[in-house]
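>>> let's see this in three dimensions:
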Amino acid sequence: MDTFLYRIFILIYITAARLLSLWNAKARALVKGRKGLLNKIEANLSVAPRQNRIWIHCASMGEFEQGRPIIEKLKSNNPDCIIILTFFSPSGYEVRKNYPLANFVYYLPFDTPGNAKKFVDIVQPSVAIFVKYELWYFFLKNLYARKVPTILIAAIFQPRHVYFKAYGSLHRRMLSFLTHLFVQNEASKKLLAGIGINNVSVAGDTRLDSALAFAQTERAYPLIEAFKGSDKLIIAGSTWIDDENLLHQSLSVLKSHGIKLLLVPHEIHQSHLDKIKEVFNTEELTFYSHSAVRPEHKVMVMDNMGHLAYLYRYADFVWIGGGFTKTGIHNSIEAAVYDKALCWGPRYNRYQEAMDLIAAGAAYSCPDSEQFTAQVLRWLQHPEEHKKAEMAAHRYVNQNKGASIKIINLLRQQGLL
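Predicted structure coming up:
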């Protein structure tokens, strides 16, 4: 019965996506990208070596950043391996469709029995790696039936997840199809043991390795250096309009203390940029693409994508966006690897690293502009407290890095690579 309901869910999802594609660009990309997909994959792979094919699947960009260090180490250790990288979401595929370390990059076909069988028939992976949460029943069932080693990496489990509910039998079956699970913490391992899943290792979060690679890559931004000058700089990453309203209110106080703001919005489409113009004093506002910095500019908006992970190095203070949205804050690790003290809004409990950083004294939740302003002013007045928070971030990163090495080494020990 649960398999029947799952099939119905997938069919409803496909139908809804097709209807939504008539007016929604993301849905349109999701549907269009899958037209003729299996034929395209078959044509491409028919001329590729059949040995040592490694299939890696990510839901979107966040999962890709967790899978990236594994791909890099696989390619470094075995340059001849064939990496087949798939994404479910357009926001992952469209950004990484030309990723140079993958031999092939595709959308994942929708998870129907026919699609899953044909995809695995074509790809013939020697090993399959799924990142974090993205599990699909019929793909996993096909891999299991063919005895293809199937690995889940960078996973984190919480009691709220469907696997631990009375109605989660299908999802528990998905976990039973996996050869090995690499989880981020002991709590996840304990939860899985409670439902009989014991082929589990604690490796940590691979995003730390990915973020450290960005931090160790030299990339200069002369315009931002000119904008910052001798002032102190707040870098606000992946912001939404609620974050921007809060930052505007805080900056009205903080700018008199020699502080400027670099805003890196989560979305840079024109309607969002227009909202930012409405929030901030236009005389004090400039955009990175304008390539102009004047003394009166107190706020710069990074209106190009793909730079945030490099920009945190310029920060004196960091605001992580998303803490007023339903899903919560965005990636805090890519700022922590620069040994930065962090602040964000009230919604962060979905993310273990956020709770760990707060517990370590490296981050603070600020539900309104008054608290954020007070926190920054306190750090200005008591620099030793600011340094203490930065050192806490440094310790957190050093204690938790190296997940990708642990995963690769164990897979080798078990003969899965």
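
>>> could you tell me which ranges of this protein sit under the pLDDT cut-off?
1 (pLDDT under 70).

>>> could you pull out the strands for this structure?
53-58, 82-87, 104-107, 127-131, 150-155, 180-183, 200-202, 232-239, 259-265, 285-287, 299-301, 317-320, 342-344, 363-365 (DSSP state E).

>>> got those as JSON lines, with mean neighbour count and distance to N24 columns?
In this view, the C-beta of every residue, glycine as well, is placed from N, C-alpha and C. Output for those, formatted as JSON lines (neighbours: other C-beta atoms under 10 Å; distance: least, C-beta to C-beta, whole Å):
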{"stretch": "strand 53-58", "mean neighbour count": "24", "distance to N24": "22"}
{"stretch": "strand 82-87", "mean neighbour count": "24", "distance to N24": "18"}
{"stretch": "strand 104-107", "mean neighbour count": "20", "distance to N24": "16"}
{"stretch": "strand 127-131", "mean neighbour count": "25", "distance to N24": "25"}
{"stretch": "strand 150-155", "mean neighbour count": "25", "distance to N24": "29"}
{"stretch": "strand 180-183", "mean neighbour count": "22", "distance to N24": "34"}
{"stretch": "strand 200-202", "mean neighbour count": "17", "distance to N24": "38"}
{"stretch": "strand 232-239", "mean neighbour count": "24", "distance to N24": "21"}
{"stretch": "strand 259-265", "mean neighbour count": "23", "distance to N24": "20"}
{"stretch": "strand 285-287", "mean neighbour count": "19", "distance to N24": "27"}
{"stretch": "strand 299-301", "mean neighbour count": "25", "distance to N24": "25"}
{"stretch": "strand 317-320", "mean neighbour count": "26", "distance to N24": "27"}
{"stretch": "strand 342-344", "mean neighbour count": "27", "distance to N24": "29"}
{"stretch": "strand 363-365", "mean neighbour count": "22", "distance to N24": "33"}
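
>>> same list, those, but as a markdown table with distance to I329 please.
Output for these, formatted as a markdown table (distance: least, C-beta to C-beta, whole Å):
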| stretch | distance to I329 |
| --- | --- |
| strand 53-58 | 20 |
| strand 82-87 | 23 |
| strand 104-107 | 28 |
| strand 127-131 | 20 |
| strand 150-155 | 18 |
| strand 180-183 | 21 |
| strand 200-202 | 24 |
| strand 232-239 | 8 |
| strand 259-265 | 14 |
| strand 285-287 | 24 |
| strand 299-301 | 20 |
| strand 317-320 | 5 |
| strand 342-344 | 5 |
| strand 363-365 | 9 |
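
>>> perfect, that will be all.
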